[in-house]
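Visitor: With the sequence up front, the predicted model follows.
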Amino acid sequence: MVRNPLTPEERERGERLGRLLREARADRSMAEIAAGAGISAETLRKIETGRAPTPAFFTVAALARVLGLSLDELIGRCAPAAFPA
């Protein structure tokens, strides 16, 4: 299956998600948060840096749970300014 290239908006949304997750993680280690979410620290690193701008829903949900964020908050803060959630 060939995947279509991401649009600039999708990349920007992934970068916003990464920044939000990094901020929420604060001084906790990547390894701690990744383990709690059931993913590898490398996967979390890719999400936080925007190299994985479209993580799976259940990955985002697991990270939100571990970080104490609501999915509504994530959606609201990651949605493009032109399309408020």
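Guide: Cool, got the structure. Predicted model, so just to flag it, every value in this text is computed and none were measured.

Visitor: helix or strand right after the helix or strand that Val60 is a member of?
Guide: In the assignment (DSSP states H and E), Val60 maps to helix 57-67. Using DSSP H and E, the helix or strand that follows helix 57-67 towards the C-terminus is helix 71-78.

Visitor: tell me the contacts of the nearest residue to Glu73 once chain neighbours are set aside?
Guide: Among residues not flanking Glu73 along the chain, Ala64 sits closest, at 8.0 Å (C-beta to C-beta, 6 or more residues apart in numbering). (Each C-beta comes from the backbone N, C-alpha and C, glycine too.) Going by C-beta atoms under 8 Å, 6 or more residues apart in numbering, Ala64 touches 70-71, 73-74.

Visitor: Separate out the buried members of the residues you listed.
Guide: Among these, those classed as buried by neighbour count (16 or more other C-beta atoms under 10 Å) are Leu74.

Visitor: out of the contacts of Ala64, which one sits closest to Pro80?
Guide: Leu74 (13.9 Å; C-beta to C-beta).

Visitor: so who does Val60 touch?
Guide: Applying C-beta under 8 Å, 6+ apart, we find Val60 in contact with 17, 71, 74.

Visitor: Can you lay out those as JSON lines showing distance to Ala52 and pLDDT?
Guide: JSON lines is the format used below for these (distance: C-beta to C-beta, whole Å; pLDDT from 0 to 100):
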{"residue": "Leu17", "distance to Ala52": "10", "pLDDT": "95"}
{"residue": "Leu71", "distance to Ala52": "18", "pLDDT": "93"}
{"residue": "Leu74", "distance to Ala52": "15", "pLDDT": "89"}
